[in-house]
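Q: Sequence plus predicted model, see below.
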Amino acid sequence: MKRHAFAMLLLLLSPHALAHPGEHHGGFLSAVAHLLSEPDHLAMALLAGVVGVAGARRYRRHARGRVHDKRA
C-alpha cells in the first residue's frame, strides 16, 4: 500500500517538477545557445567530459595491461 501511495504522490507532483518553465520553441541554434548559457548545463557537460576522459584512460591502461600479459 505504501508503494501505491508513493506512486500516486509522484504522479500528482510530477507536473510541478519541470526543469525550465515556459515553452521551448526554436531551432538547433537556440537549443545550443540555451545549453551554453545555463551554468547547470555547462557543469553537467564538464562532468560528462571528465568521466569520459577518465573512462578512456582507464580502458587504455587496462587494454595495455592485457597486451603485455599475452606477450609473457
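A: In hand now; what should we look at?
Q: Where does the prediction get shaky in the chain?
A: 14-25, 67-72 (pLDDT under 70).
Q: Select the longest helix from it.
A: Across the chain, the longest stretch assigned as helix under DSSP state H is helix 39-71.
Q: Show me what that helix packs onto, helices and strands only.
A: Applying 3 or more Cβ pairs under 8 Å, 6 or more residues apart in numbering; DSSP states H and E, we find helix 39-71 packed against helix 28-37. Every residue, glycine included, has its C-beta placed from N, CA and C.
Q: Between helix 39-71 and the helix it packs on, find me the angle.
A: Put simply, helix 28-37 runs at 80 degrees to helix 39-71, going by axes from the mean of the first three to the mean of the last three Cα atoms, to 10 degrees.
Q: List the buried residues of the longest helix of the chain.
A: Residues of helix 39-71 classed as buried: none (neighbour count, 16 or more other Cβ atoms under 10 Å).
Q: How far does that helix sit from its chain's centre?
A: Distance of helix 39-71 from its chain centroid, counting by Cα atoms, centre = their mean, to the nearest Å, is 16 Å.
Q: How about stretch 28-35?
A: 17 Å.
Q: Next one: Met8 from Met44, what distance?
A: Separation of Met8 from Met44 (Cβ to Cβ, to the nearest Å) stands at 30 Å.
Q: Apologies, that question was intended for Gly55.
A: Gly55 is 16 Å from Met44, by Cβ to Cβ.
Q: before we move on, what about Ala56?
A: From Ala56 to Met44 the distance is 19 Å (Cβ to Cβ).
Q: Next, the contact list for Glu38, please.
A: Not one residue lies near Glu38 by Cβ atoms under 8 Å, 6 or more residues apart in numbering.
Q: Can you pull the phi/psi pair for it?
A: phi -100, psi 130 (degrees, to the nearest 10).
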